[in-house]
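Novice: No sequence on hand, only this structure:
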C-alpha cells in the first residue's frame with residue numbers, strides 16, 4: 001500500500017515537474033533571445049543573497065513538519081509564525097546590505113532589486129509551511145497543478161517586461177509574481193490553516209530537529225550559490241549571466257528528474273522508518289537503483305551534447321553556458337544522489353550527521369572554486385564536479401554506515417547502470433567524431449537518440465529485471 005501511494009505521488013510529481021518546467025523552459029528561451037547575459041547576472045547576484053537568507057529564515061521547519069508525528073493546527077500555526085518572523089528579520093538585513101552587495105559585485109543595479117526579492121522571501125517561507133500539509137500526505141497532484149498554473153501565470157506577467165527591455169527587473173517581477181500566486185493557490189487548495197496560536201513546547205521540539213536540518217540545507221544552498229559570488233566578483237556580470245543560464249538548465253533537469261524523487265523519498269522513507277525501521281535499508285537501495293536507471297541517461301546525454309543543445313535553443317551568444325553545462329550536468333548526477341542520501345539520513349533521524357558531511361564538502365568546494373575560478377568559466381564547472389564527487393561519496397558512505405550496509409555491496413548493485421552509462425558516452429563521442437561539422441540540430445537529434453538507445457540496450461542485457469520492476473510498478477498504478 002505504501003509503495004502504491006508513493007508511485008502515485010511520484011507519477012504526479014513527475015507530470016507536474018515536466019509541465020511546470022516545460023513552461024519555464026519556454027519562457028527562458030524567450031527571455032534569452034531578448035536579454036543579454038549581464039541582465040541575468042544582475043538578477044543572479046540579488047537572488048543569491050535572498051536565497052541564502054531564505055534558507056536560514058526557514059529554520060528547517062517545513063522538513064520538520066513532514067517528519068514529526070504530531071501534526072495539527074497548533075503545530076502548523078507555531079511553525080508558520082516562527083518562519084514568518086525569522087523571514088522578516090532576514091529580509092530587513094538583506095535590504096540593509098543591498099549597498100555593500102552592489103559594491104562587492106561592482107554593479108549598482110543590484111541595489112534596486114533587493115527590496116522586492118526580500119518581500120518574495122517572506123511570502124515563500126510562509127507558503128513552504130502551508131505546503132507541508134500536501135507533502136506529508138503525498139498529495140503531489142495538487143502541488144503539481146499548482147506549480148503548473150503559477151509558473152504559467154508568472155511567466156506571462158514577466159514576458160511583456162522582458163520584450164520591452166526591462167531586463168533584470170522583469171526577472172524580479174516574475175519571481176515576485178510566482179511567490180504571491182503560490183501562496184494564493186495554496187490557500188485556495190487548503191484553506192487558511194494558520195491561527196493566532198503559538199505552542200512553546202511544540203516550537204522547542206520542532207527546532208531541536210529542524211535547526212540541524214536548516215544548517216544542512218543552508219550549506220546545500222551555499223554550495224549551489226557560492227559559485228555566483230566567485231564568478232561575479234572575479235569574472236564580472238557577463239560571466240555570471242552565462243553561469244546563471246547553465247545553472248538554470250541544470251536546475252531544470254533537477255526539477256524534472258530530481259525534485260519528484262526527493263518529494264516522494266523523504267515522506268516515504270519517514271513512514272517506513274516509523275513503522276518498519278528494518279526495511280529502510282532495502283528501500284534505500286531500491287530507490288537508488290531505480291534512480292540510476294531513469295535519471296543517469298538524461299544527465300549523460302545533456303553532458304555529451306550540452307554545447308549543441310544550448311547553441312540550438314538559446315543562440316550563439318550563450319555558447320559559453322553550453323561549455324559550462326557539460327561539467328555541470330555530470331555534477332547533477334551526483335546532486336540527484338544527494339537528494340536520496342539527504343532524504344534517507346533525515347528520515348532515520350540523523351540531520352546533524354548530514355550537516356557534518358555537507359560542511360566538509362563546502363570547505364573543499366570553497367578551496368576549489370577560489371583556486372579555479374580565475375582560470376575561467378570552464379574551470380568553474382570542473383571545480384563543481386570535484387566538489388560534488390567529494391561530498392556525495394562521503395555522504396553515501398555515512399548513510400550506508402548508519403543503515404548497517406557495506407559500501408562495496410551498494411556500489412556493486414549499480415554496476416549494470418554504470419556500464420550502460422559508459423556505453424552511452426562512448427556512443428555519443430563516436431557520433432560526434434563521425435559527423436564532425438554537422439549542424440547542432442542533427443547532433444542533438446541523431447546523437448542523442450543513438451546514445452539513449454545504447455543505454456537501453458546495455459541495461460536490457462545486463463539487468464533486465466529492473467525493467468520488469470518498473471513495468472510492474474506502473475502497471476499497478478494504472479490499474480488503480
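Specialist: Received the coordinates, thanks. All values reported here derive from a predicted model rather than from experimental measurement.
Novice: buried set for the longest helix along the chain?
Specialist: The residue-count maximum for a helix in the chain (DSSP state H) belongs to helix 200-234. Applying a neighbour-count criterion of 16 or more other Cβ atoms under 10 Å, one finds 202-203, 205-207, 209-232 buried in helix 200-234. Where you see a C-beta, it was placed from the backbone N, CA and C, and this is true even at glycine.
Novice: any idea of the mean pLDDT in that helix?
Specialist: Mean per-residue pLDDT for helix 200-234: 76.
Novice: next one: stretch 335-344
Specialist: When pLDDT is averaged along stretch 335-344, the result is 81.
Novice: Please tell me how far it is from the chain's geometric centre.
Specialist: Taking Cα atoms, centre = their mean, to the nearest Å, one finds stretch 335-344 lying 11 Å from the centre of the chain it belongs to.
Novice: Next: stretch 416-435.
Specialist: That offset, for stretch 416-435, works out to 26 Å (Cα atoms, centre = their mean).
Novice: which residues touch that stretch?
Specialist: Residues from elsewhere that reach stretch 416-435 (Cβ atoms under 8 Å, 6 or more residues apart in numbering): 289, 292-293, 296-297, 300-301, 304-305, 442-443, 446-448, 450-455, 457-459, 462-463, 466.
Novice: for it, which positions count as buried?
Specialist: For stretch 416-435, the neighbour count (16+ other Cβ under 10 Å) marks 416, 417, 419, 420, 421, 423, 424, 425, 427, 428, 431, 432 as buried.
Novice: could you pull out the helices for the stretch 251-400 of the chain?
Specialist: Along the stretch 251-400 of the chain, counting by DSSP state H, counting those that start in this stretch, helices occupy 259-275, 280-304, 306-314, 319-347, 351-372, 377-402.
Novice: Output these as JSON lines; include the columns mean neighbour count and distance to residue 249.
Specialist: Output for the helices of the stretch 251-400 of the chain, formatted as JSON lines (neighbours: other Cβ atoms under 10 Å; distance: least, Cβ to Cβ, whole Å):
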{"stretch": "helix 259-275", "mean neighbour count": "20", "distance to residue 249": "15"}
{"stretch": "helix 280-304", "mean neighbour count": "20", "distance to residue 249": "8"}
{"stretch": "helix 306-314", "mean neighbour count": "21", "distance to residue 249": "7"}
{"stretch": "helix 319-347", "mean neighbour count": "24", "distance to residue 249": "5"}
{"stretch": "helix 351-372", "mean neighbour count": "19", "distance to residue 249": "20"}
{"stretch": "helix 377-402", "mean neighbour count": "20", "distance to residue 249": "12"}
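Novice: Residue 431 and residue 447, how far apart?
Specialist: Using Cβ to Cβ, to the nearest Å, residue 431 is found at 4 Å from residue 447.
Novice: Can you tell me which of the buried residues of stretch 416-435 comes closest to residue 77?
Specialist: The shortest approach to residue 77 among those belongs to residue 417, at 45.1 Å (Cβ to Cβ).
Novice: so what pLDDT did the closest one get?
Specialist: Per-residue pLDDT puts residue 417 at 84.
Novice: On the pLDDT front, check the nearest residue to it once chain neighbours are set aside for me.
Specialist: Computed as Cβ to Cβ, 6 or more residues apart in numbering, the closest residue to residue 417 that is not its neighbour in sequence is residue 292, at 4.0 Å. pLDDT for residue 292: 80.
Novice: My understanding was that residue 292 contacts residue 414; is that so?
Specialist: Yes: in this structure, residue 292 is within contact of residue 414 by Cβ atoms under 8 Å, at 5.4 Å.
Novice: For the closest residue to residue 311 other than its chain neighbours, give me its contacts.
Specialist: In space, and not counting its chain neighbours, residue 311 is closest to residue 440: 5.1 Å by Cβ to Cβ, 6+ apart. Each residue near residue 440 by Cβ under 8 Å, 6+ apart is listed here: 308, 309, 311, 312.
Novice: Recalculate using a threshold of 6 Å.
Specialist: With Cβ atoms under 6 Å, 6 or more residues apart in numbering as the criterion, the residues that contact residue 440 are 308, 311, 312.
Novice: State the phi and psi torsions of it.
Specialist: Phi and psi for residue 440, reported as degrees, to the nearest 10, are phi -60, psi -40.
Novice: ok, now residue 193?
Specialist: Per-residue torsions, residue 193: phi -90, psi -10 (degrees, to the nearest 10).
Novice: same thing with residue 348?
Specialist: Torsion angles, degrees, to the nearest 10, at residue 348: phi -90, psi 10.
Novice: and the nearest residue to it once chain neighbours are set aside, what does it touch?
Specialist: Of all residues beyond its chain neighbours, the one nearest residue 348 is residue 273 (5.4 Å), with distances taken as Cβ to Cβ, 6+ apart. Neighbour list for residue 273: 280, 347, 348 [criterion: Cβ under 6 Å, 6+ apart].
Novice: picking up where we left off before, can I get the helices of the stretch 251-400 of the chain in JSON lines with distance to residue 409?
Specialist: Listed next are these as JSON lines, based on distance: least, Cβ to Cβ, whole Å:
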{"stretch": "helix 259-275", "distance to residue 409": "19"}
{"stretch": "helix 280-304", "distance to residue 409": "9"}
{"stretch": "helix 306-314", "distance to residue 409": "33"}
{"stretch": "helix 319-347", "distance to residue 409": "16"}
{"stretch": "helix 351-372", "distance to residue 409": "20"}
{"stretch": "helix 377-402", "distance to residue 409": "8"}
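Novice: now for these, which one comes closest to residue 24?
Specialist: Using Cβ to Cβ, the nearest of the helices of the stretch 251-400 of the chain to residue 24 is helix 259-275, at 12.4 Å.
Novice: Provide the secondary structure category for residue 196.
Specialist: coil (DSSP: H, G, I helix; E, B strand; the rest coil).
Novice: Tell me who's in contact with it.
Specialist: By Cβ under 6 Å, 6+ apart, residue 196 lies in contact with nothing.
Novice: Phi and psi next, for it.
Specialist: phi -80, psi 70.
Novice: Tell me where the stretch 351-480 of the chain is predicted with low confidence.
Specialist: By pLDDT under 70, the low-scoring segments of the stretch 351-480 of the chain are 466-480.
Novice: let's see it at 80
Specialist: 351-355, 357-358, 409-410, 437-438, 463-480 (pLDDT under 80).
Novice: any idea of the mean pLDDT for the strand or helix carrying residue 82?
Specialist: Following DSSP states H and E, the helix or strand that holds residue 82 is helix 73-96. For helix 73-96, mean pLDDT is 83.
Novice: Now find how far off-centre the following helix or strand past it is within its chain.
Specialist: Scanning forward in sequence from helix 73-96 by DSSP H and E, the next helix or strand is helix 98-104. Taking Cα atoms, centre = their mean, one finds helix 98-104 lying 27 Å from the centre of the chain it belongs to.
Novice: Isn't residue 111 up against residue 102?
Specialist: Yes: counting by Cβ atoms under 6 Å, residue 102 is a contact partner of residue 111 at 4.2 Å.
Novice: Those two - which one has more neighbours?
Specialist: Legend: neighbour count by other Cβ atoms under 10 Å for residue 111 and residue 102, higher for residue 102 (20 against 16).
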